[in-house]
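> How does the following fold in three dimensions:
(2 chains)
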Amino acid sequence: MKGVGNIMTDNAVSMEEEQKRTIKDRVTEVFVYGKSMAPALIILLILLIAFFGIMTPNFLTYTNFKAIISNFPIIAIMSVGMTFVLLIGGLDISVGSILGFTAVNVALFHHIGFPAWAIVLVCLAIGTAFGSFNGVIITKVGINPVITTLGTMALARGMASWFALDIESLKLGRIFDQKFLLIARLYLPQDKQIIPITLIYVIVLYTIMSLVLKYTDYGRKVYAVGSNEYAARLAGININRIKFSSYVMSGIMASIAGMILVAQLSLGRDDAGLGSELEVITAVVLGGVSLAGGKGNLLGVIISVIILGVIRNGMVHLKEAIGISYYWREVVKGAILILAISIDAARLMAVKKRQVVRQ
Amino acid sequence: MAKNITAESNGERQKTRLSSTTILFMFLVVMVASFAVLSKDFYSVYNLSSMLTNISFSGIVAGTLTLVMIMGGLDISIGGNIALTSCLVAYLYNLENPPHIALIILIGLLLGTAIGAFNGFIITRLDLNPIITTLGTMAMTRGMGYVLTQSRSILILENVVGFIGRGSIAKIPFPLILFGVIYTILAVVMARSKFGRKIYCIGSNQEAARLSGINVRRVKFITYLVSGIAASLSGLILTGQTAVGMPQHANGSELDVITAVLMGGTSLAGGKGSVLGTLAGVLILGVLYNGFTMIGFRYVHIRVFQGAILILVVSLYEVRDRKRF
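Got it, this is the predicted structure:
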């Protein structure tokens, strides 16, 4: 009887503890230990929209909404590739340059007279080639991903400038191929022009890739390699193949983003996407994908891509409304990046601490 | 007998280990000789002195970055730091009541110190990834340069700043003197001082360094601080050379500097490398840019070579190290 009583009181105590868990505890449960950054990011997004809506007259308008929606897909698509690379514990800073090289090649092959579908194939081949190059050097030779992709960054950007320079008529790189331009300029209900096709690309891509990461064998392997490379190898996973594939993915996504950018601007220049790697890394890290690898998901990433898009757009409106220099956006970008990795580090530390306490 | 054999094999090992920097300098001599044959203008006093002056601007930063990288860190914010320093100095000089020029230069150097301290504080106290942290600082500093100048170039025709960039003492360009003095100090510090030994120790094994009583945080902080100061000094030199302060200054220079350091045999993993190796790397890159330009290549072509060389050289080091173990 005594024993039963004890169990009863134990249960009662734990029930009481359960009730004692204040709102504060639950909030920390979601925001600090939670698997996804999504709840915190959604709150941040709402606050930002409210802030810009109150501060500027033209932010909350239909036209501006359309502008934001047509602008963010480029960063969003590159972020998918970067998410894979960060998940396996790597880093790819060559994406901006691959985008630039693709942009120049669109202009080049358009100039030669390739049809739209051939240009698309060439661009995909370029992305695959650069991604494979990164992948081979990193997995086979064993060089640090930062150094490798730094080299590729110089290589791709240099080749972009080289190609743009050698063909005089490319100086402007104008694209007039209507079929190619439709890649980014198609709107879905053709008569009403409401939903841009780029938004549909993003939705489809993020849905498929989320499912791949969550439910397929391959996706699970990506997480496994990122969380513990050694354990993954012992479990029989071909880690080099998984790593290689994520760099190829990153290269392909960068070239797709390059095609969309060229189609939007109808202009292929060698400085396209200069510095965009910074924005992509910021978006992915802010979205809760850990720099240490193996942690994070695409839901957080897409929300933080939208957050960055809102900030970029909002800064322009702030300049119109109160005259704050547009150039502050670079400063804001850098500050957000440092803030994002601080949050990442703090969350990792908190989880580690809790594990120690529980043991 | 056995002793002799071990001594001999030790001697041989010593030889192969020594050769890394020696090979680089031999390669440099070969490069200089071949450029001198290929282009008759290469081997003129004017070209050589202008080349060395150009090298000293990025060379100073490469020297201090070597310390950071031997310690296992990385500082990508140097380009942004250089740009912001040049913008701030030019901005202050063009105020309606400009402060004394000595004060302006001091503020410029203090700015670099502050940026270095910011990096050091965040990386050591919050224990964050140095690459991403300094990537953030790079965006912030360059962005502030744009804000300060509103994306314009600000002219600064001032004798003292001009002297830092273009002046010369006894026909030796002043930046080159600075370059030489800083490299001598860095080489001595890294080879002879306690502080240098601590940096190597932290780079090879941070945990072991901490357990053996080294104040890891302080050494790291000081190293990032020094890197920041050197970057602002380079900013002053560049401002003097171009007589203009603009936010696009030194755009992409972090690539040149990191390439030079890696070429000198410093590894990103830390614990390995030398200031002398970096000196060789800086000189090789400088001769490469200058020589290829003299032969008739354009900047964009050399940029492609540079990326290829970076990957090639690091691959060679990697393969060689793999053979040894």
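> How about residue 129: what's its closest non-neighbour residue?
Since no chain was named, I'll use chain A. Excluding the flanking residues, the one nearest residue A:129 by Cβ to Cβ, 6 or more residues apart in numbering or on different chains is residue A:251, at 7.4 Å. (C-beta placed from N, C-alpha, C; glycine too.)
> my question was about chain B
Nearest non-adjacent residue to residue B:129, counting by Cβ to Cβ, 6+ apart: residue A:291, 5.3 Å away.
> got the contact list for the one you found?
Residues in contact with residue A:291 (Cβ atoms under 8 Å, 6 or more residues apart in numbering or on different chains) are A:86, A:91, A:285, A:341, A:344, B:129, B:132.
> in what helix or strand does the most centrally placed residue in chain A lie?
Centroid-nearest residue in chain A: residue A:79, 1.9 Å away (criterion: Cα atoms, centre = their mean). When elements are assigned from DSSP states H and E, residue A:79 belongs to helix A:73-87.
> ok, that helix near chain B or not?
No: judged by Cβ under 8 Å from any Cβ of the partner chain, helix A:73-87 stays clear of chain B, getting no closer than 10.5 Å.
> Helix or strand next in line after that helix, which one?
Going down the chain from helix A:73-87, the next helix or strand is helix A:95-112, by DSSP H and E.
> For that following helix, which helices and strands make contact with it?
Judged by 3 or more Cβ pairs under 8 Å, 6 or more residues apart in numbering or on different chains; DSSP states H and E, the packing partners of helix A:95-112 are helix A:73-87, helix A:116-136, helix A:145-166, helix A:239-265, helix A:276-286.
> Determine which of the ones you listed approaches residue B:163 most closely.
Closest to residue B:163 of these is helix A:145-166 (Cβ to Cβ; 33.3 Å).
> Which elements pack onto the next helix-or-strand element following the closest one?
Going down the chain from helix A:145-166, the next helix or strand is helix A:178-185, by DSSP H and E. With contacts taken as 3+ Cβ pairs under 8 Å, 6+ apart, helix A:178-185 sits against helix A:116-136, helix A:197-215, helix A:239-265.
> List the buried residues of the second one.
It stands for helix A:197-215. Within helix A:197-215, the residues that count as buried by 16 or more other Cβ atoms under 10 Å in any protein chain shown are A:197, A:198, A:199, A:201, A:202, A:205, A:206, A:209, A:210, A:212, A:213.
> does the fifth one really touch residue A:75, like I thought?
Spelled out, it's residue A:202. No: Residue A:202 lies out of contact with residue A:75 (Cβ atoms under 8 Å); the separation is 9.9 Å.
> what sits against the residue of chain B found nearest chain A?
Going by Cβ to the nearest Cβ, chain A is nearest to residue B:143 of chain B, at 2.6 Å. Going by Cβ under 8 Å, 6+ apart, residue B:143 touches A:327, A:328, A:329, A:330, A:331, A:332, A:333, A:334.
> For it, give me the pLDDT.
You'll see residue B:143 listed with a pLDDT of 90.
> picking that back up, and of the contacts of residue B:143, the nearest to residue B:300?
Among those, residue A:330 lies closest to residue B:300 (Cβ to Cβ), at 24.9 Å.
> how near is the closest one to residue A:263?
Taking Cβ to Cβ, to the nearest Å as the measure, residue A:330 falls 26 Å from residue A:263.
> Within range of chain A, give me the residues from the stretch 201-325 of chain B.
Those residues of the stretch 201-325 of chain B that sit near chain A, judged by Cβ under 8 Å from any Cβ, are B:252, B:255, B:258, B:262, B:268-269, B:298, B:300-308, B:310-311, B:314-315, B:318-319, B:322.
> Turn the helices and strands packed on helix A:95-112 into TSV, including mean pLDDT and distance to residue B:91.
Putting these into TSV (pLDDT from 0 to 100; distance: least, Cβ to Cβ, whole Å) gives the following:
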stretch	mean pLDDT	distance to residue B:91
helix A:73-87	94	32
helix A:116-136	94	40
helix A:145-166	87	30
helix A:239-265	93	33
helix A:276-286	89	25
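> highest average neighbour count across the ones you listed?
helix A:73-87 (a mean of 28; mean count of other Cβ atoms under 10 Å in any protein chain shown).
> Tell me which other helices or strands it touches.
Counting contacts by 3+ Cβ pairs under 8 Å, 6+ apart, helix A:73-87 packs against helix A:95-112, helix A:197-215, helix A:217-227, helix A:239-265, helix A:276-286, helix A:298-322.
> Where does pLDDT dip in the chain?
Chain wasn't specified; assuming chain A. Where chain A drops to pLDDT under 70, the residues are A:1-21, A:26, A:29-36, A:166-173, A:191, A:358-359.
> that's the wrong chain, I meant chain B
Across chain B, the ranges flagged by pLDDT under 70 are B:1-19, B:323-325.
> what's the spacing between the residue nearest the centre of it and residue B:253?
The centroid of chain B falls nearest to residue B:62 when counting by Cα atoms, centre = their mean (1.2 Å). Distance of residue B:62 to residue B:253, given as Cβ to Cβ: 10 Å.
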